[in-house]
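Novice: with the sequence up front, the predicted model follows.
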Amino acid sequence: MREFFSVILLFLTTFAFPQSTTTGSLKGHITAEGEKMDLASISLLKTTFSTNSDKRGQFELEGVPPGKYQLRITYVGYENFQQEVIITSEGQTEVAAELIPLASNLKELVVTGTLKEVSKLQSVTAVDVYTSKFFLRNPSANVWEALGNINGVFPDVDQGVSNTSDVQINGLEGNYTMILIDGVPAMNGLAGIYALNAFPTNNIDKVEVLKGASSSVYGSGAIAGVINILTKDPANAPKVSANIELTSKLETVADISAAFKFKKISTILSLSADNSNFRWDNNHDNFMDIPLTNRVAFYNKWSLDRKDKRIATFYARYLFEDRLGGQMNTPDHLTGSDQFYTEWIRTNQWQTGFQYQLPFKEKVL
């Protein structure tokens, strides 16, 4: 009889053991922006259970002991997904995970090198994007000076007498740099022709910089790279913005802009002025260290609020510039004569353009 009860007890113990070690499973699918995410990394924290999602964005972890776990899903370019899950021995636990793209530069829209807006993650060329916050942290009077805060970009003065300037990328001359305004080529080789030093930074929404000759779209003018300056949308621009700068050489720069909205029409007006009328000769070579400069630039942009957020903008710009450099004692009436060495540049330039998005499914401007 004693042996019979021993057999019964052994049988009950054996039967109870598998019941206490019954495991569960975790199954789920991963998506992001409507796309199924394959090869995402899935793991249960503080355990050895991990796997990757398949081409359908699905995954499954089997043989997991019952209990509470922290599920983590990671994917390059997206925020980590973490959620508490409860594994039971009674069935299968299912999870639906939606990944969120990183809020940094990976979602910036770029047009440089592609001529159409794509996400930075999908761009075939490496594009650095600098928003207006970057230029607020590194204040400059104009776009030409502001570009000097970007690694690999060098605002260069080619001719000190008349202060002719350009923008170099990675040491290549400025005539190999393509400058764009809102995605449209704004000048030929030299930045000074478009007068970037008369373009105020408070008009900038962001700047895209493509370094190197990887952009074959714009030809030989972009051997060094491309700089695309995107102006602010009048509908989102500050109502009033002002910037005033005074240097130790008594150079004065003043920029002011104002934005207005009339029902479905928004506009931004900007006025920039630069004045330097003192003759300095600190090295005593009888030549002006800084050319005499009088510059006024006016910029106006209109935006129409259209259906489905389609683009409709119109802009106009006027530039007056008068620069004089050379010998210190040059009388005004002998400027440009063969008796004194001087260089005098006067510019009257106006420019206008518009962008209109056609009512197609594909974005066509």
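Specialist: Received the coordinates, thanks.
Novice: kindly state the pLDDT recorded for the residue most central in space within the chain?
Specialist: In the chain, the centroid-proximal residue (Cα atoms, centre = their mean) is residue 129; its distance is 2.5 Å. Looking at residue 129, its pLDDT reads 83.
Novice: repeat that for residue 21.
Specialist: Reported pLDDT for residue 21: 54.
Novice: and for residue 289?
Specialist: You'll see residue 289 listed with a pLDDT of 87.
Novice: let's verify it: helix, strand, or coil?
Specialist: At residue 289 the chain is in coil, as set by DSSP: H, G, I helix; E, B strand; the rest coil.
Novice: quick check: closest non-adjacent residue to it.
Specialist: Once flanking residues are discounted, residue 289 sits nearest to residue 280: 4.5 Å by Cβ to Cβ, 6 or more residues apart in numbering. Any C-beta I mention is one placed from the backbone N, CA and C, and that applies to glycine too.
Novice: and that neighbour, how many neighbours does it have?
Specialist: 14 (other Cβ atoms under 10 Å).
Novice: might one say that it is in contact with residue 247?
Specialist: No - applying Cβ atoms under 8 Å as the test, residue 280 and residue 247 come out as separate, 10.8 Å apart.
Novice: before we move on, back to that, may I ask which helix or strand encompasses the residue nearest to the centre of the chain?
Specialist: Assigned by DSSP states H and E, residue 129 belongs to strand 128-131.
Novice: what about the residue nearest to residue 32 when sequence neighbours are not counted, how many residues nearby?
Specialist: Among residues not flanking residue 32 along the chain, residue 99 sits closest, at 3.9 Å (Cβ to Cβ, 6+ apart). Residue 99 has 21 neighbouring residues, counting by other Cβ under 10 Å.
Novice: could you pull out the strands for the stretch 201-350 of the chain?
Specialist: If DSSP state E, counting those that start in this stretch is used as the criterion, the strands of the stretch 201-350 of the chain fall at 204-211, 225-231, 240-246, 252-262, 265-276, 292-304, 312-326, 342-356.
Novice: what pairs with the first one, and is each one parallel or antiparallel?
Specialist: So that's strand 204-211. strand 128-131 (antiparallel), strand 225-231 (antiparallel) (DSSP bridges).
Novice: how far does that strand sit from its chain's centre?
Specialist: Relative to its parent chain, strand 204-211 has a centroid offset of 6 Å by Cα atoms, centre = their mean, to the nearest Å.
Novice: state the mean pLDDT of it.
Specialist: The average pLDDT within strand 204-211 is 84.
Novice: and it, C-alpha only, in PDB?
Specialist: Extracted in PDB, the C-alpha atoms of strand 204-211 (Å, rounded to 0.1, in the frame of the first residue of the first chain):
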ATOM      1  CA  ILE A 204      15.500  82.900 -43.900                       C
ATOM      2  CA  ASP A 205      13.300  79.900 -43.100                       C
ATOM      3  CA  LYS A 206      16.200  77.400 -43.600                       C
ATOM      4  CA  VAL A 207      19.300  76.900 -45.600                       C
ATOM      5  CA  GLU A 208      20.200  73.600 -47.400                       C
ATOM      6  CA  VAL A 209      23.900  72.900 -48.100                       C
ATOM      7  CA  LEU A 210      25.000  70.200 -50.500                       C
ATOM      8  CA  LYS A 211      28.800  69.900 -50.400                       C
END
